[in-house]
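A.B. asks: Structure of the sequence below:
(chains A and B)
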Amino acid sequence: MASQEIETLAAALARLPGLGPRSARRAVLYLVKRRENALPALLEALEGVRDTLVECDICGNVDTRNPCGVCSDPRRDARSICVVEDVADLWALDRARLFTGTYHVLGGKLSALDGVRPEDLSIAELLERVGGGGVDEIVLAMNATLEGQTTAHYIAERLEDLPVRVTQLAHGLPVGGELDYLDEGTLAQALRARRPLG
Amino acid sequence: MTLDRISLETFRNHAATSLEGTGRFNLLVGENGAGKTNILEALSLLAPGRGLRRAALADMAGQDGAGGFGIGASLVPADASGPAAEPVRLGTFTQAAQPGRRHVRIDGSASSAVALGEWLSVGWLTPAMDRLFADSAGARRRYMDRLAVAIDPGHAAHAARFSAALRERNRLLSAERAPEAAWLDGIEAQLARHGALLTEGRARLVAGLTEALAEAPAEPFARPALSHRAGGPLGEKDLLTALHEERAKARRAGRTLTGPHRDELDVVFAAKNVAAAQCSTGEQKAMLIAMTLAHGRLAQQGRASILLLDEVAAHLDPLRRGALFERLAEGSAQIWMTGTEMAAFEAILPQASVWRIAEGRAIPV
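C.D. replies: Alright, predicted model coming up:
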């Protein structure tokens, strides 16, 4: 059996998403074998993040500077804000670099059962950003789950009286998807969101 | 197409049971507690859903096993020399590490429970359903939904989303603080969208059953007249309006008052014009059989179809028993029946495959 320290490290790594005890032990063994190179580099990277990690005051993104890299990028269009549930969604959208505007991270979704109320999300901050002027469009990019869609509906309603265009990500056919493989719900959505061609 | 080469591994009291040489009629005979219904339950898991007992998957693993269970069966085409002569192997199993997670394999490849429904339609009638007409309206809604899902798998998603939205709204309505209107708006939009489709699916099912029932003879099984009574306005728009308008009242009640969660399935013994719940035990059973047979025909849709009848024959008089066998023989579904006595099945013994079930084992007779 390994020493207490190694067990502690394995237990900590096992809690990481997608890892689990078996993969964690494998990762520990990897680090132990490469204690000259990989281990110090990892330690340094972890410390770097720990020391500089901040939440962006504007959008709620997690970065090592405040305002975050997205908000402080002059090439980005601050008049357009994409609202997402979590930082993970922001990263997913930004990986593709398709959206040229800025973001707003809610920090979750409305859920009466889980006790997540509007004031627990950064909705007031979003309204403030929009109310401050200079914003033309809000893109609601919530998940297509029940709570996600309820949250989108809620935000759209709160934005109603503000001079801003509210749009929502389309639901429907995935790119490269075949019609006869889709479930009825997705097909119905795609049909509802059909649009003129050309 | 029929199911054959059926195997159960550490499933309830069956450590390793296999059934081969099945036919149109398959009889499982044995004492109470021998494990007959367990075999039917295993077969019911070859379709999407929770099986005929609605039990938790973790409870299905055998006590002596490692913690998981496995069920397999081959779907054999009727014409063994045709172009699609290769049997399709269907399987579902759980593993000890995750006893609550169901895996599905079709022809050796990982697949989903929904995909099982593309191959096989499974219907059943169990003694637990005898109380359907006297039971709560909720039990009849569940019954309608199960039958509707067998015809349209998309129905399940609307049912699940509707009840999730309903729980959210009820929580807001019963909270101490007055709920925020915009939040209720958001939830009600979901409730109305999925609720309208849910009710529509139930109405379509009842209309289909009514049609199928009309094609069957009125005797000797009491023909039931079914009607679906909606618990709220039909259509997304009207339901949304109704939910909006009931808010103050619903807030006082602390729960949602209108919508498909108040739907009812009304069943009347057509010939006597008496509510099913007031009918005799025998008449109720006869109506259930008529509904089960009608649904079997409605749900088949070109798929292989199996019908699981748990302890049905023994409760019928000889005339009705004979009529049941006749009707089953006319249909194309593969039939699985259980009973404690061989005598009840005498009329179909020549065309039936029979197993004696004892202590979790199946011995061909």
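
A.B. asks: For B:G282, list the residues it contacts.
C.D. replies: Contact analysis of B:G282 by Cβ atoms under 8 Å, 6 or more residues apart in numbering or on different chains lists B:H315, B:D317. C-beta coordinates here come from the backbone N, C-alpha and C atoms, glycine included.

A.B. asks: Contact partners for B:G259?
C.D. replies: Neighbouring residues of B:G259 by Cβ under 8 Å, 6+ apart: B:F162, B:L166, B:L191, B:G195, B:G231, B:G232, B:L239, B:A242, B:L243.

A.B. asks: Columns secondary structure, neighbour count and pLDDT on top of these, output as JSON lines?
C.D. replies: Listed next are the contacts of B:G259 as JSON lines, based on DSSP: H, G, I helix; E, B strand; the rest coil; neighbours: other Cβ atoms under 10 Å in any protein chain shown; pLDDT from 0 to 100:
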{"residue": "B:F162", "secondary structure": "helix", "neighbour count": "24", "pLDDT": "96"}
{"residue": "B:L166", "secondary structure": "helix", "neighbour count": "20", "pLDDT": "97"}
{"residue": "B:L191", "secondary structure": "helix", "neighbour count": "32", "pLDDT": "96"}
{"residue": "B:G195", "secondary structure": "helix", "neighbour count": "33", "pLDDT": "97"}
{"residue": "B:G231", "secondary structure": "coil", "neighbour count": "18", "pLDDT": "96"}
{"residue": "B:G232", "secondary structure": "coil", "neighbour count": "23", "pLDDT": "95"}
{"residue": "B:L239", "secondary structure": "helix", "neighbour count": "24", "pLDDT": "97"}
{"residue": "B:A242", "secondary structure": "helix", "neighbour count": "16", "pLDDT": "97"}
{"residue": "B:L243", "secondary structure": "helix", "neighbour count": "25", "pLDDT": "97"}
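
A.B. asks: Next one: the closest residue to A:T64 other than its chain neighbours from chain B, what distance?
C.D. replies: If the residues on either side of it in the chain are set aside, A:T64 comes closest to A:T52, at 3.9 Å by Cβ to Cβ, 6 or more residues apart in numbering or on different chains. Per Cβ to the nearest Cβ, to the nearest Å, A:T52 is found 37 Å from chain B.

A.B. asks: same deal with A:A41?
C.D. replies: Distance of A:A41 to chain B, given as Cβ to the nearest Cβ: 34 Å.

A.B. asks: Domain boundaries for chain A, per the record?
C.D. replies: According to automatic domain parsing, chain A is divided into the following domains: A:4-52, A:78-168.

A.B. asks: and the last one, how far from the chain's centre?
C.D. replies: When you say that, I think you mean domain A:78-168. Centroid displacement of domain A:78-168 relative to its chain, using Cα atoms, centre = their mean, to the nearest Å, is 11 Å.

A.B. asks: just the shortest one next, same as before
C.D. replies: Counting by Cα atoms, centre = their mean, domain A:4-52 is centred 25 Å from the centre of its parent chain.

A.B. asks: Figure out the length between the terminal residues of that domain.
C.D. replies: With Cα to Cα, to the nearest Å as the measure, domain A:4-52 spans 30 Å from end to end.

A.B. asks: those helices in chain A, which residues are they?
C.D. replies: Using DSSP state H, the helices of chain A run over A:4-14, A:20-33, A:38-52, A:87-95, A:123-131, A:146-158, A:184-192.

A.B. asks: what's the answer for the stretch 101-250 of chain B, then?
C.D. replies: Using DSSP state H, counting those that start in this stretch, the helices of the stretch 101-250 of chain B run over residues B:113-119, B:137-151, B:154-174, B:181-215, B:236-245, B:247-253.

A.B. asks: Compare the mean pLDDT across those helices and name the weakest.
C.D. replies: Ranked by mean pLDDT, the helices of the stretch 101-250 of chain B end with helix B:113-119 in last place, scoring a mean of 88.

A.B. asks: B:E118 against B:R303, yeah?
C.D. replies: Yes. Counting by Cβ atoms under 8 Å, B:E118 touches B:R303, with 7.3 Å between them.

A.B. asks: between those two, who's got more neighbours?
C.D. replies: Between B:E118 and B:R303, B:R303 has the larger neighbour count (other Cβ atoms under 10 Å in any protein chain shown), namely 17 against 13.

A.B. asks: okay, now the nearest residue to B:E219 once chain neighbours are set aside: neighbour count?
C.D. replies: Leaving aside its chain neighbours, B:E219 sits nearest to B:A323 (8.0 Å; criterion: Cβ to Cβ, 6+ apart). Applying other Cβ under 10 Å, we find 18 residues neighbouring B:A323.

A.B. asks: how close does B:A323 sit to B:N38?
C.D. replies: To B:N38, B:A323 is 29 Å away according to Cβ to Cβ, to the nearest Å.

A.B. asks: Also B:L243?
C.D. replies: 44 Å.

A.B. asks: Would you mind naming what in chain A lies close to chain B?
C.D. replies: Residues of chain A lying near chain B by Cβ under 8 Å from any Cβ of the partner chain: A:110-113, A:118, A:146-147, A:149-154, A:157-158, A:183-185.

A.B. asks: what's the closest residue in space to B:A344 that isn't next to it in sequence in contact with, if anything?
C.D. replies: The shortest distance from B:A344 to any non-neighbouring residue, by Cβ to Cβ, 6+ apart, is to B:A313 (4.4 Å). By Cβ under 8 Å, 6+ apart, B:A313 lies in contact with B:R321, B:L324, B:M337, B:G339, B:A344, B:F345.

A.B. asks: any low-confidence regions in chain A?
C.D. replies: Applying pLDDT under 70 to chain A flags the ranges A:1.

A.B. asks: Chain B too?
C.D. replies: B:65, B:79-84.

A.B. asks: So which residue is smack in the middle of it?
C.D. replies: Using Cα atoms, centre = their mean, the residue of chain B that lies closest to the mean C-alpha position is B:R146, 5.0 Å off.

A.B. asks: So it versus chain A, what's the distance?
C.D. replies: For B:R146, the distance to chain A equals 18 Å [Cβ to the nearest Cβ].

A.B. asks: and that residue, what does it touch?
C.D. replies: Residues in contact with B:R146 (Cβ under 8 Å, 6+ apart) are B:G49.

A.B. asks: Leaving out chain neighbours, which residue sits closest to the residue nearest to the spatial centre of chain A?
C.D. replies: Central residue of chain A (Cα atoms, centre = their mean): A:D89, 2.4 Å from the mean position. Of all residues beyond its chain neighbours, the one nearest A:D89 is A:A141 (6.6 Å), with distances taken as Cβ to Cβ, 6+ apart.

A.B. asks: phi, psi of the one you found?
C.D. replies: Per-residue torsions, A:A141: phi -120, psi 50 (degrees, to the nearest 10).

A.B. asks: re earlier: make a markdown table from the helices of the stretch 101-250 of chain B and add distance to A:A193 to it.
C.D. replies: Converted to a markdown table, these look like this (distance: least, Cβ to Cβ, whole Å):
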| stretch | distance to A:A193 |
| --- | --- |
| helix B:113-119 | 24 |
| helix B:137-151 | 26 |
| helix B:154-174 | 18 |
| helix B:181-215 | 14 |
| helix B:236-245 | 16 |
| helix B:247-253 | 29 |
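
A.B. asks: rewinding a little: can you verify my assumption that the residue nearest to A:T64 contacts A:V62?
C.D. replies: No. Between A:T52 and A:V62 there is no contact under Cβ under 8 Å: 10.9 Å.

A.B. asks: Mind checking which of those two has more residues around it?
C.D. replies: Higher neighbour count among A:T52 and A:V62: A:V62, with 15 against 11, using other Cβ under 10 Å.

A.B. asks: who touches the residue nearest to the more buried one when sequence neighbours are not counted in this structure?
C.D. replies: Excluding the flanking residues, the one nearest A:V62 by Cβ to Cβ, 6+ apart is A:V87, at 5.2 Å. Residues in contact with A:V87 (Cβ under 8 Å, 6+ apart) are A:G60, A:N61, A:V62, A:V105.

A.B. asks: quick check, nearest of those residues to B:A253?
C.D. replies: Taking Cβ to Cβ as the measure, B:A253 lies nearest A:V105 of the contacts of A:V87, at 37.2 Å.
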